[in-house]
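Q: Need coordinates for the below:
(chains A, B, C and D)
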Amino acid sequence: MAKFKGAVVVDTEKCKGCNLCVVACPTGVLSLAREVNGKGYHYSEMTGPGECIGCANCGMVCPDAVITVYRKNVQN
Amino acid sequence: MKGNEVIAEAAIRCGCDGYFGYPITPQSEIMETLMAREPWKETGMVVLQAESEIAAINMVYGAAACGKKAMTSSSSPGLSLKQEGLTYLAGAELPCLVVDVARGGPGLGTIQPAQSDYFQATRGGGHGDYHLLVLAPASVQEMNDFVALGFELAFKYRNPVMILADGVIGQMMEKVRLDDRVPRWSDEDIERISGEWALTGKKNERARHVVTSLELDSYKQEEFNHKLQAKYRRMETEDVRHEELSCDDADYIFVAYGSSARVCQKSVQLCREQGIKAGLFRPITLYPYPRLPLQALARRVKGFLAVEMSAGQMVDDVRLAVNATAPVEHFGRYGGVIPTPDEIVEALKKQIIKA
Amino acid sequence: MSVELKEIIKEENIVYRKTPALTGNVMHYCPGCSHGVVHKLIAEVVEEMGVRDKTIGVSPVGCSVLAYNYIDIDWTEAAHGRAPAVATGISRLHPGKFVFTYQGDGDLASIGTAEVMHACNRGENIVIIFVNNAIYGMTGGQMAPTTLVGQVTSTTPRGRDVKLNGFPMKITELLARLDGTGFVTRQAVHTPPAIRKAKNAIRKAFENTKKDKGTSFIEIVGTCSSGWKMTPVEANRWMVEKMFPEYPLGDIKDI
Amino acid sequence: MTEEIIIAGFGGQGVLSMGKILAYSGIMQDQEVAWMPSYGPEMRGGTANVTVILSDARISSPVLTRYDTAIILNQQSMDKFENAVKPGGMLLYDPNGITRPPARDDIAIYKIEATRLAAEAGNPKSFNMIVLGAFLKVKPIVILDNVEKGLAKSLPARHHHLIPVNIEAIQSGMNHVEKS
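A: You can find the predicted model right below:
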């Protein structure tokens, strides 16, 4: 059975910290940072990359199109 | 042909791409003529009856944004509704042609001819610092001529142009020589003429075109206003038009445009029969106003009578031009009443000659 | 672990990223605003259909007035409420183009009611995207025609009172009854499945333009967390609870 | 030569079309013309009048208060326009329905029984052409050939078969006009 591992890259300087991606993530990979970006927002970041399945839900719900999602078949 | 019908015919012949209108007396013949002529079969010109004057002018806005030759027509109350669209067109620097076959006001007013839309036409009409270039036809022939000229100037300046006529010019028939047919612009023509800004679909090799009058930065907006003002100054030097009749030896000058100028022509004849040396100064562009030639006349005549079918609007421009060098008085009939040649002569005697 | 991440983050493994049809300008919208998602969906559809050079957008007056800064196509901005008339002018003179308006509830359902009614009634071959968040966002949270009964806004401080303000306007249902509309649907963009559906609807609307199937009208029920004075996550919840019963999702007309 | 004419009567009498035919006839002989109707609600059944000017020179005002010729087809128009005829000018009227005939002695007054003649001919629509004929008899400012061309120009092609009937009516008017 195929097993996928994913990764999320957030353009943290453009992120507005709306938290919608955090809520949309089925595996709880994302959270808002303690730090703020140049605009003063607590940006979203990956905290547990090992659990990301690359489903892209976060990317889809992101109103600012600042998320890129990667997915790799790690079966072998 | 009737003045209104000529507008329609001239639009088809000059390669107009789209007419969008809403019926209102006394100019409905324009759209009626277009619908009867079915130019879409002949040139592909679009003719559409909109749901309101507001929609019509915004359809013009859309068409003009594509670099097309778009026009609308209406009469005074309808023009009030179009003012919003006109200020957006001016603010977005879009070329278009608007015809106002004016009637008596204010409010719903009368359907008879009037010239009480002068302020609205020449001062901008809507909000913001802008002007339309305003052409005032005084004959059915000029109703024809000013359609092609109007489009030419609209594209020269990227600015709305208005033909300010009235019920007399719209409803009367005169002999008219129509222009030869000119094909509508092709996509290549539009690319050549308006390729810098027109909405033609963003190609890879160019940046997207955005037609807007919005600017969030007040300094940039001021800069844009400077640009507009420079454009209006250029109109003043390159495209002021007027006509003088019997002014060379005149002591007294009637200043009148449109159908009032026609009536005054008769008054000039009547004056001359009575030994009064009268002449007629007819502004053809109301904005920009022919200030300099009027100023030149002011240095050698005994007085001016501004004759308008209004309570006194254009007379302000006469006074500004004459600048107290000579007496300026106003005579007007309004609300749809047309002054007679005789009462104009009487007014000249009473208000200016005073003998 | 980090080695593994590097393994994953490679061009060939990308499954989702900003479509090139978005300009990359940072949107001026508040955090969590639905407009961003809707913009993104339009951009994706235009890009996937390969019609960027044939698409012309008409932006409204309201929060999305600056939509032209975000989707990389030719745009014009329209006077308040007049976008369907402007789009009519464009579409009539550019019959081969994909012309769409993007309008909010104040623009479309209040000041621009006549224009949208008649554009739909003529069956203009355009797409109308209507984002309904039940409030005026741009001007600071005043009542919209679609504001819910009892909803507090800055001009209904004690809640919308039907005696004073009338009822929430279901303009989408009204437009569906006009013979000129071919496809009328109501969607939302609060969850990934909803977003997929909304995108399919937008795609279908653009395809309809190709087939000249009349006016396509897509309402997107959206949030305005600033205007509603909630977090974006709370706003989504409130929308599901309060807005959806009044504005149920789904296709209303599809011919 | 400049001829300033007012034609006034009821809507439906063919006042405007008579003026139009006259104007077109003028164009056919290369004259300057102006045709200026009163317009508005009165077009629908009330009084209708039209100013027609034919001239060899550029025409000034299309709106006048004094006329070389007044063609008057009802009493209201008589009341309004009798005094608008220039001294030495001409007034032509149809006595049908006129309760107070014109009284001026400084103008030439002509009568044409057009209503009666049209009824007798069984063609009430020819009324305005009979009046036109009467006018042209007194003031032959356009020749009949050009009137025929003017008719062809102002009538839609589907009505061109009616041109001979119209010419007949014009001739009838020419034959029956009388000085009063």
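
Q: Please enumerate the helices of the stretch 101-250 of chain C.
A: Assigned by DSSP state H, counting those that start in this stretch, the helices in the stretch 101-250 of chain C fall at C:105-106, C:113-122, C:162-165, C:171-176, C:192-211, C:225-228, C:232-238, C:244-246.

Q: closest one to D:Tyr67 among the ones you listed?
A: The closest of the helices of the stretch 101-250 of chain C to D:Tyr67 is helix C:113-122. By C-beta to C-beta, the value is 47.6 Å. C-beta coordinates here come from the backbone N, C-alpha and C atoms, glycine included.

Q: got the buried residues for that closest one?
A: Neighbour-count burial for helix C:113-122, counted by 16 or more other C-beta atoms under 10 Å in any protein chain shown, picks out C:114-122.

Q: Next: stretch C:162-178.
A: For stretch C:162-178, by 16+ other C-beta under 10 Å, it's C:165, C:168-172, C:175-176, C:178.

Q: again with stretch B:220-228
A: Neighbour-count burial for stretch B:220-228 flags B:Leu228 (criterion: 16+ other C-beta under 10 Å).

Q: Centre of the chain to it, how far?
A: Taking the mean of its C-alpha atoms, stretch B:220-228 sits 25 Å from the chain's own mean (C-alpha atoms, centre = their mean, to the nearest Å).

Q: Quick one: check that stretch for contact with chain C.
A: No: using C-beta under 8 Å from any C-beta of the partner chain, stretch B:220-228 never reaches chain C; the gap is at least 14.3 Å.

Q: quick one: low-confidence parts of chain A?
A: Chain A contains residues with pLDDT under 70 at A:1-2, A:48-50, A:76.

Q: Would you state the helices of it in chain order?
A: Assigned by DSSP state H, the helices in chain A fall at A:20-24, A:57-61.

Q: what's the burial count for the residue of chain A found nearest chain C?
A: As assessed by C-beta to the nearest C-beta, chain C sits closest to A:Pro63 within chain A, at 2.8 Å. The number of residues packed near A:Pro63 is 26, by other C-beta atoms under 10 Å in any protein chain shown.

Q: Repeat that for the one 4 residues further on.
A: Using other C-beta under 10 Å, A:Ile67 is surrounded by 24 other residues.

Q: list the contacts for it?
A: Residues in contact with A:Ile67, defined by C-beta atoms under 8 Å, 6 or more residues apart in numbering or on different chains, are A:8-11, A:21, A:44, A:58-59, C:16-17.

Q: Name the nearest residue to it, sequence neighbours excluded.
A: Take A:Ile67 and drop its neighbours on the chain: the residue closest to it by C-beta to C-beta, 6 or more residues apart in numbering or on different chains is A:Gly59, 4.3 Å away.

Q: got it, and B:Ile276?
A: Nearest to B:Ile276 is B:Tyr252, by C-beta to C-beta, 6+ apart, at 6.6 Å.

Q: just checking, the one you found touches B:Ala278?
A: Yes: taking contacts as C-beta atoms under 8 Å, B:Tyr252 lies within contact range of B:Ala278: 4.8 Å.

Q: between those two, what contacts are shared?
A: With C-beta under 8 Å, 6+ apart, B:Tyr252 and B:Ala278 have common neighbours B:271, B:348.

Q: Okay, now the unreliable bits of chain D?
A: Looking at chain D by pLDDT under 70, you get D:40-46.

Q: thinking again about what came up before, how about the helices of chain A in CSV, adding mean neighbour count and distance to B:Leu320?
A: Compiled in CSV, the helices of chain A are given as follows (neighbours: other C-beta atoms under 10 Å in any protein chain shown; distance: least, C-beta to C-beta, whole Å):
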stretch, mean neighbour count, distance to B:Leu320
helix A:20-24, 23, 61
helix A:57-61, 25, 62
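
Q: Next to chain B, which bits of chain D? Give me the list.
A: Residues of chain D that fall close to chain B, judged by C-beta under 8 Å from any C-beta: D:20, D:23, D:27, D:32-37, D:39-41, D:59-66.
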